[in-house]
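K.L.:
no FASTA, just this:
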């Protein structure tokens with residue numbers, strides 16, 4: 001960029017052997033005096049402007065429009081460069097957690113917030129940020145928005161097209177580039193960033209890029225924090241893993257310790273570290289809604305367009321729902337209806353459990369109770385583990401329900417099959433340890449019957465306003481898996497058995513036992529009898 005106030009370069013003097021006349025010498029002296037006078041005038045003008053700025057600071061400029069930003073203030077003397085909308089946009093920009101996802105409905109101002117967030121650190125020469133989109137074409141919108149904002153925030157900031165980066169007067173840098181494939185992250189091998197942001201995270205089918213980029217997050221400047229930020233709408237190739245990483249572990253808006261998306265266990269420092277056993281860092285999910293952006297919401301046109309979409313896309317982009325996916329088997333599942341807060345269950349309510357066992361894959365155990373007021377079935381506890389032998393699982397189950405009266409337990413009937421072995425079956429191993437079960441119904445058509453029964457229980461009763469089944473919020477794995485279970489493409493009357501369906505199978509075993517609440521005739525006054533009695537006289541357990 002040219003500087004209009006810059007002193008023009010001194011013209012080169014032509015070397016000649018011809019001696020100068022007196023007139024030529026006078027002209028050269030006058031030219032030199034003019035150049036000197038211009039330099040002094042230039043310096044004086046700069047000094048005057050600097051003093052004027054100190055005496056009367058220029059008001060900052062407010063950016064207005066339909067981009068989702070900014071609380072508009074009509075008073076010109078109070079103009080500001082940027083003011084976040086109250087609610088999620090403010091929460092995202094103020095979040096102190098290491099990794100934060102700002103996601104949900106379309107039109108909430110997510111992308112704009114992502115390019116604003118790193119600006120607060122651009123007065124530090126050691127700040128080095130990376131903002132990514134999946135393709136170069138998608139990146140252009142972010143660059144265009146940054147060109148409207150960055151030079152106003154930091155006069156002198158320059159966009160370097162060839163390097164795909166902003167360079168600020170302090171020396172800070174913000175890279176804006178694309179990351180189309182997982183292998184593209186290797187371009188950043190050996191580099192260090194203090195801030196990494198990805199726009200539309202669910203466009204990446206696997207968490208590989210996100211996890212790899214975390215290894216590039218570091219700084220030697222103790223005054224600079226390190227952050228990873230992402231924005232996205234529900235849906236897309238990466239919907240499932242993003243949901244597991246940010247949505248399923250905790251209530252929206254609440255920070256939580258980062259977990260392994262495969263095992264669900266909290267990430268901790270290794271045994272040889274000085275912080276051995278302590279959690280690594282926090283994450284948070286900030287939900288976005290169209291309502292949070294008054295510029296788009298009040299106009300109404302954008303909302304009308306979203307309302308015209310098919311059901312799945314409408315729920316994802318308008319309502320910001322993560323509990324629905326293309327081809328979902330249980331699209332009627334709604335967190336607002338089917339998920340309830342935990343509460344202490346009265347001793348008089350009947351309780352039972354159901355289990356789908358697996359060693360290499362996973363074992364899922366669910367505990368149920370029946371609300372006697374309207375026979376609503378409530379799932380109040382879950383156990384979801386892998387690579388746990390049957391005997392050890394039996395002890396984990398007994399420890400979890402210590403002090404409770406469990407009426408019966410139902411277990412996958414295939415665990416009674418010896419399959420040519422001479423030793424005890426897996427079911428018998430658990431029963432010997434005191435964890436008693438009866439076999440589930442696995443007769444022909446039982447899977448379809450169980451799916452239909454779950455559909456029935458998910459319906460909401462018009463009189464009570466409650467569904468036939470409710471799940472306590474502490475059962476995070478069941479809540480995560482149930483709404484995203486896909487239908488079997490070859491048999492739409494069943495779910496796809498090749499996906500993670502262990503807790504669904506346990507749920508199906510439980511609801512198909514036709515559970516009923518306790519009757520008043522079960523008691524002879526006082527609290528219920530806690531003594532164990534066999535649920536099945538034939539099998540004795």
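P.N.:
Good, I have the coordinates. This structure is a prediction, so every number in the text was calculated from the model and none was measured.
K.L.:
Give me the number of neighbouring residues for the closest residue to residue 332 other than its chain neighbours.
P.N.:
Excluding the flanking residues, the one nearest residue 332 by CB to CB, 6 or more residues apart in numbering is residue 458, at 5.1 Å. For glycine as for every other residue, the C-beta is placed from the backbone atoms N, C-alpha and C. Using other CB atoms under 10 Å, residue 458 has 19 neighbouring residues.
K.L.:
Report the contact partners of residue 458.
P.N.:
The contact partners of residue 458, taken as CB atoms under 8 Å, 6 or more residues apart in numbering, are 330, 332, 333, 338, 467, 468, 469.
K.L.:
Tell me which residue is most central in this structure.
P.N.:
In the chain, the centroid-proximal residue (CA atoms, centre = their mean) is residue 246; its distance is 3.3 Å.
K.L.:
Then it would be within a helix, right?
P.N.:
Yes. If the criterion is DSSP: H, G, I helix; E, B strand; the rest coil, then residue 246 is within a helix.
K.L.:
Next, the contact list for the spatially closest residue to residue 226 that is not a sequence neighbour, please.
P.N.:
With sequence-adjacent residues excluded and distances taken as CB to CB, 6+ apart, residue 226 is closest to residue 217, at 4.8 Å. Contacts for residue 217 (CB under 8 Å, 6+ apart) come out as 192, 193, 194, 196, 226, 227, 228.
K.L.:
State the distance from the closest residue in space to the first one that isn't next to it in sequence to residue 129.
P.N.:
Same thing as residue 192. For residue 192, ignoring the flanking residues on the chain, the nearest one in space by CB to CB, 6+ apart is residue 218 at 5.0 Å. According to CB to CB, to the nearest Å, residue 218 and residue 129 sit 13 Å apart.
K.L.:
The two - which one has more neighbours?
P.N.:
Legend: neighbour count by other CB under 10 Å for residue 218 and residue 129, higher for residue 129 (24 against 11).
K.L.:
Let me see the contact set for the nearest residue to the more buried one once chain neighbours are set aside.
P.N.:
Nearest non-adjacent residue to residue 129, counting by CB to CB, 6+ apart: residue 195, 3.9 Å away. Contact analysis of residue 195 by CB under 8 Å, 6+ apart lists 117, 118, 121, 127, 128, 129, 130, 226, 227, 228, 229.
K.L.:
Doesn't the first one lie inside a helix?
P.N.:
Looking back up the chat, that one is residue 117. Yes. Counting by three-state DSSP, one finds residue 117 located in a helix.
K.L.:
What is the neighbour count of it?
P.N.:
23.
K.L.:
okay, it: pLDDT?
P.N.:
Looking at residue 117, its pLDDT is 93.
K.L.:
pretty sure it contacts residue 230?
P.N.:
No. Using CB atoms under 8 Å, residue 117 makes no contact with residue 230, being 11.1 Å away.
K.L.:
Where do the helices of the stretch 301-450 of the chain begin and end?
P.N.:
Applying DSSP state H, counting those that start in this stretch to the stretch 301-450 of the chain gives helices spanning 301-307, 311-317, 335-338, 390-400, 426-432, 446-458.
K.L.:
Need those in CSV (columns: mean pLDDT and distance to residue 152).
P.N.:
Formatted as CSV, the helices of the stretch 301-450 of the chain follow (pLDDT from 0 to 100; distance: least, CB to CB, whole Å):
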stretch, mean pLDDT, distance to residue 152
helix 301-307, 64, 26
helix 311-317, 65, 31
helix 335-338, 87, 41
helix 390-400, 95, 58
helix 426-432, 91, 67
helix 446-458, 91, 52
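K.L.:
could you check the distance from residue 268 over to residue 474?
P.N.:
The spacing between residue 268 and residue 474, counted by CB to CB, is 21 Å.
K.L.:
correction: residue 461
P.N.:
Distance, residue 461 to residue 474, using CB to CB: 24 Å.
K.L.:
now residue 331
P.N.:
Taking CB to CB, one finds residue 331 at 24 Å from residue 474.
K.L.:
quick one: which of the two has more around it?
P.N.:
Neighbours were counted for residue 331 and for residue 474 using other CB under 10 Å; residue 331 has more, 17 against 13.
K.L.:
and the next element down the chain from the longest helix seen in the chain?
P.N.:
With secondary structure taken from DSSP state H, the chain has its longest helix at helix 22-55. Next helix or strand after helix 22-55 toward the C-terminus (DSSP states H and E): helix 88-94.
K.L.:
quick one: low-confidence ranges for this protein?
P.N.:
Within the chain, the stretches with pLDDT under 70 are 1-20, 46, 49-79, 105-108, 290-303, 305-320, 324-327, 418-422, 518-541.
K.L.:
If the residue nearest to residue 129 is in a bridge, with which residues?
P.N.:
Note on residue 195: beta-bridge partners by DSSP bridges are residue 129, residue 227.
K.L.:
how long is stretch 482-499 end to end?
P.N.:
Taking CA to CA, to the nearest Å, stretch 482-499 runs 11 Å from one end to the other.
K.L.:
Would you indicate which residues of that stretch are buried?
P.N.:
Across stretch 482-499, burial judged by 16 or more other CB atoms under 10 Å covers 482, 483, 484, 485, 487, 488, 495, 496.
K.L.:
Quickly name whichever of those is closest to residue 503.
P.N.:
Distances from residue 503 to the buried residues of stretch 482-499, taken as CB to CB, are shortest for residue 482 (7.5 Å).
K.L.:
Surely that closest one and residue 504 touch.
P.N.:
Yes. Taking CB under 8 Å as the definition, residue 482 is a contact partner of residue 504 at 6.4 Å.
K.L.:
Look up how far residue 401 lies from residue 353.
P.N.:
The spacing between residue 353 and residue 401, counted by CB to CB, is 7 Å.
K.L.:
Please enumerate the shared neighbours of those two.
P.N.:
Common neighbours of residue 353 and residue 401 (CB under 8 Å, 6+ apart) are residue 367.
K.L.:
Compare neighbour counts for these two and give me the winner.
P.N.:
More neighbours surround residue 353 than the other of residue 353 and residue 401, with 25 against 17 (other CB under 10 Å).
K.L.:
Would you confirm that that one contacts residue 369?
P.N.:
No. Counting by CB under 8 Å, residue 353 sits too far from residue 369 to count as a contact (10.2 Å).
K.L.:
can you confirm residue 240 is in a helix?
P.N.:
Yes. Membership of residue 240 in a helix is supported by three-state DSSP.
K.L.:
Burial check on it, number of neighbours?
P.N.:
Residue 240 has 20 neighbours, counted by other CB under 10 Å.
K.L.:
Now the nearest residue to it once chain neighbours are set aside. Its backbone dihedrals?
P.N.:
Spatial nearest neighbour of residue 240, chain neighbours left out: residue 484 (6.3 Å); criterion: CB to CB, 6+ apart. Reported as degrees, to the nearest 10, the phi and psi values for residue 484 are phi -100, psi 0.
K.L.:
how much space between residue 484 and residue 378?
P.N.:
22 Å.
K.L.:
I figured residue 97 hits residue 254, correct?
P.N.:
No. With contacts counted by CB under 8 Å, residue 97 stays clear of residue 254, the gap being 10.3 Å.
K.L.:
hey, what's in contact with both of the two?
P.N.:
Counting by CB under 8 Å, 6+ apart, the shared contacts of residue 97 and residue 254 are residue 284.
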